[in-house]
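**Q** Sequence and predicted structure are below.
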Amino acid sequence: MRLHRKRMLRRFRFSTLFRRPKEDNKSNETNSKPRQRKNRSKMRLWMAGFMLALSWFVTNGATYESSTDSLRHHIINHFSSNRHHVTNPAGKEDAVIFITEQFKKYDLQVFSQTFDTEVPAVMGRNIIGTWPGLKTGTAEDRPILIAAHYDTARDTPGVCADGSGMAALMEAARVITARPCMQENSIIFAAFDFEVPEVVTLERPACHQAGCGSSHYVQELLLPYIKYLGISSNDFQGAFVLDSVMNFNATVNSQAIPAEDRFKKAPGFQEAYTRIKAGGNKGDFIALVARNFDSPLYQAFITAWEALPDSRFKNQLLHMPDKDLPAPTDPYWDVYSKMTAGDHYSFWLGDSDLRAIHITDSAQYRGYMQECYHRACDNTDNLTPDNMAFLKKTTDAAIATVMQMATYPDTCLDPFTESPELLKNGITMDGKSWRTAATGEITYSFSLNIETVKPNGAVEAVMESAEIKIPLDVVGRYNADNKRLVLRLAEPSHLAKPGAKYINPLFLQKWTVNGEIVGFPGGLVYYGALSGMQDETSSEEFNIAYSEDPTVDLRNSNTALGVILSITLIILLATGIYLCYVKRSYRPFTQMTERTNINVNIPT
């Protein structure tokens, strides 16, 4: 019979984890001291682990959501005055400058797209910011877009329509770019111009149909870029369009329904109609206007929405069965056509395989906006706590959905602390780029001056090439997990100089440097592919290096890189051989002791 020591039941006190046990001369207490010390050590480890996990959640998990104060600040300071080309051109220009500067502050690749309007003297301008991912510029990229429009009607401050959408867009850009982990796919932030249509009888009506700016973006930039990548429109994951996303009203009969007699019978709208009527016609939901084809977008958004707190705020899905629009032969097209006013419709018209959903509070069909839509009373008086909480939840759901579809890793190495010290010190790397042509291999000199590496992994640099005679400002990101550096062209600063040649924004969108950085003693090598330099889809290869020893050129650095890779391969082979040997020579502990006398019989 094996003897067992009887355990003493004691009340647990937190202080016992950190105090030394009292001395006791009793033998049983003396023998129990090692056990007590071991238990306290385990508890200390558990507490340390818990506090570490809690601190990580506070410093990381809580960071990736929007701030009500930040949303309010954006609206009051930048999107609370009229932004129309006739009634307040200066206010509209101020908005353009703010959006551009903030996008740059958030380390996006920023460029503007200008386009003609119905009035020859008036130009429209979309502002595009791209947050590159590991697959940016390749055929494996699956881009995702989030957008709002910054223009307003003539006689309104446009706080809800669409200052709220712009505030959500700017906050999404801030939150997403603050995360150091590098996602797989590109994220595009778009601020569209001339969404608001105007009748031809007004003075200088620049846009006669809704969504002029977004239509130019789809036709002139998005579809050509998709074709350039060698992917289909179906590979573009989709666009989330935010337009009037602030108005919450839980009052009975605060929600109007357009063409109600027809609306309640339209396929795809019947369930939403039943839910709205059952809830007392309250304007307490965010509406998702989509086609059945857009289901990956609205399903992901609804999942993110329902995972967030505050159950007061609901969601309603309005999904049309027709993929190809317009569909005048549909018996309910008179109802569905009312849901096409907005920038999302530009994507559906541009190519029916482009997915897009309209995220809205229903604008002129709810509460005070039934009187204030496109009027002076759409102002900051309506920034109530409920409305701001509703705007925050909408923003957070959009952020979570975009990040999930862009494929972010759960964890990653810190891109700043784990980046090479030489890279952070600011260096110039020199080498060459080359491509194969019909006449043979064409080679160019190529240099890259790394200026800044930021805590979120963002990189600012200047590139010079014999192929392009002017210095190019480039921005990008460094990923410490696979040591990849992805660079895109910033909007060239030389355009401000007199006589500067205009650069097509499509070129800025195509141009990508994607490569790996490898260190060797006293230097770095950066090698990979440079795409978008020419019209054809073939890319150039490049190889550039930096060495603290001026006698080491690119050839020497490549030799050093080869030696490092060879040594790494030898170490891996040696480790594999050793593990195989250990496995073959291993004997279980029971075999080693079965013929020994360590087993002791305890007398009963």
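**A** Cool, the structure landed. Residues are numbered from 1 along each chain as shown.

**Q** from here on, contacts and neighbour counts on C-alpha atoms
**A** OK.

**Q** What about residue 131, how many residues nearby?
**A** Here the count is done by other Cα atoms under 10 Å, and residue 131 has 26 residues near it.

**Q** Could you look up the next helix or strand downstream of the longest strand anywhere in the chain?
**A** Selection of the longest strand in the chain by residue count, based on DSSP state E, yields strand 440-453. Where DSSP states H and E defines the elements, the next helix or strand beyond strand 440-453 is strand 458-465.

**Q** elements contacting that following strand?
**A** Other helices and strands packing on strand 458-465, by 3 or more Cα pairs under 8 Å, 6 or more residues apart in numbering; DSSP states H and E, are strand 440-453, strand 472-479.

**Q** low pLDDT regions in the protein?
**A** Low-confidence segments of the chain, defined by pLDDT under 70, span residues 1-63, 492-502, 534-538, 550-566, 568, 581-604.

**Q** circling back to that earlier point, which among the helices and strands packed on strand 458-465 is found nearest to residue 348?
**A** Nearest to residue 348 among the helices and strands packed on strand 458-465 is strand 472-479; the distance by Cα to Cα comes to 30.8 Å.

**Q** What residues sit buried inside the closest one?
**A** Within strand 472-479, the residues scored as buried using 16 or more other Cα atoms under 10 Å are 472, 473, 474, 475, 476, 477, 478, 479.

**Q** Quick check: the nearest residue to the fourth one once chain neighbours are set aside vs residue 149, distance?
**A** Going back to what we said before, that points to residue 475. Leaving aside its chain neighbours, residue 475 sits nearest to residue 460 (4.6 Å; criterion: Cα to Cα, 6 or more residues apart in numbering). Using Cα to Cα, to the nearest Å, residue 460 is found at 28 Å from residue 149.

**Q** Compare those two and say which is more crowded by neighbours.
**A** The residue with the greater number of neighbours, taking residue 460 and residue 149 and applying other Cα under 10 Å, is residue 149; the counts read 30 against 20.

**Q** Tell me where the stretch 201-350 of the chain has helices.
**A** Counting by DSSP state H, counting those that start in this stretch, the segments of the stretch 201-350 of the chain that form helices are 212-217, 223-229, 260-263, 270-278, 295-306, 333-336, 344-350.

**Q** Can you tell me which of those is most buried?
**A** Between those, helix 212-217 has the highest mean count of neighbours, a mean of 25, where neighbours are mean count of other Cα atoms under 10 Å.

**Q** returning to that earlier point: out of the buried residues of strand 472-479, which comes closest to residue 409?
**A** The shortest distance between residue 409 and any of these, using Cα to Cα, involves residue 479 and amounts to 11.7 Å.

**Q** quick one, what contacts that closest one?
**A** Shown in contact with residue 479 (Cα atoms under 8 Å, 6 or more residues apart in numbering): 181, 182, 413, 415, 457, 485.

**Q** let's see 6 Å
**A** For residue 479, the contact set (Cα atoms under 6 Å, 6 or more residues apart in numbering) comprises residue 415.

**Q** Could you list everything it pairs with in the sheet?
**A** In this structure, residue 479 bridges to residue 484 when assessed by DSSP bridges.

**Q** just residue 428 next, same as before
**A** Under the criterion DSSP bridges, residue 428 forms beta bridges with residue 449.

**Q** does it really touch residue 451, like I thought?
**A** No - in this structure, residue 428 sits apart from residue 451 without contact. The criterion is Cα atoms under 6 Å, and the distance is 8.7 Å.

**Q** Which residue ranges of the stretch 251-400 of the chain form strands?
**A** Along the stretch 251-400 of the chain, counting by DSSP state E, counting those that start in this stretch, strands occupy 285-291, 314-320, 356-360.

**Q** Not counting the shortest one itself, show me its contacts.
**A** Residues external to strand 356-360 that are found in contact with it (Cα under 6 Å, 6+ apart): 238-245, 286-290, 344.

**Q** Most neighbours among those residues, which one is it?
**A** Highest neighbour count within these: residue 245, with 31 neighbours (other Cα under 10 Å).

**Q** Look up how far residue 489 lies from that residue.
**A** Taking Cα to Cα, one finds residue 245 at 33 Å from residue 489.

**Q** just the contacts of strand 356-360 now: which is nearest residue 519?
**A** Each of the contacts of strand 356-360 was scored against residue 519 by Cα to Cα, and residue 238 proved nearest at 38.5 Å.

**Q** can you pull the contacts of that closest one?
**A** With the criterion set at Cα under 6 Å, 6+ apart, residue 238 makes contact with 144, 355, 356.

**Q** make it 7 Å
**A** If a contact means Cα atoms under 7 Å, 6 or more residues apart in numbering, then residue 238 has 144, 145, 297, 354, 355, 356 as its contacts.

**Q** partners of it in the sheet?
**A** With DSSP bridges applied, residue 238 shows beta-bridge pairing to residue 144.

**Q** how far away is it from residue 511?
**A** Relative to residue 511, and taking Cα to Cα, residue 238 is found at 22 Å.

**Q** Could you do residue 281 as well?
**A** Look at residue 281 and residue 511: by Cα to Cα, they are 50 Å apart.

**Q** in the longest strand of the chain, what counts as buried?
**A** For strand 440-453, using 16+ other Cα under 10 Å, the buried residues are 443, 446, 447, 448, 449, 450, 452, 453.

**Q** Now do the phi/psi pair for the residue lying closest to the first one once chain neighbours are set aside.
**A** By that I understand residue 443. Sequence neighbours aside, residue 434 is the residue nearest to residue 443 in space, at 4.3 Å (criterion: Cα to Cα, 6+ apart). Backbone dihedrals for residue 434, given as degrees, to the nearest 10, come out at phi -150, psi 150.

**Q** in the sheet, who's paired with the residue nearest to residue 475?
**A** Under the criterion DSSP bridges, residue 460 forms beta bridges with residue 452, residue 475.

**Q** which stretches of the stretch 501-604 of the chain form strands?
**A** Taking DSSP E, counting those that start in this stretch as the test, the strands found in the stretch 501-604 of the chain are 512-520, 523-531, 540-547.

**Q** What is the shortest one packed up against?
**A** If you count contacts as 3 or more Cα pairs under 7 Å, 6 or more residues apart in numbering; DSSP states H and E, strand 540-547 packs onto strand 428-437, strand 523-531, helix 554-585.

**Q** Can you name the residues in contact with that strand?
**A** Judged by Cα under 7 Å, 6+ apart, the contacts made with strand 540-547 from elsewhere in the structure are 428-435, 447, 522-531, 554, 557.

**Q** swap the cut-off to 8 Å and go again
**A** Residues lying outside strand 540-547 but in contact with it, judged by Cα under 8 Å, 6+ apart, are 427-435, 446-447, 522-531, 553-554, 557.

**Q** Likewise for stretch 197-212?
**A** Judged by Cα under 8 Å, 6+ apart, the contacts made with stretch 197-212 from elsewhere in the structure are 86, 117-119, 122, 193-196, 341-343, 345-346.
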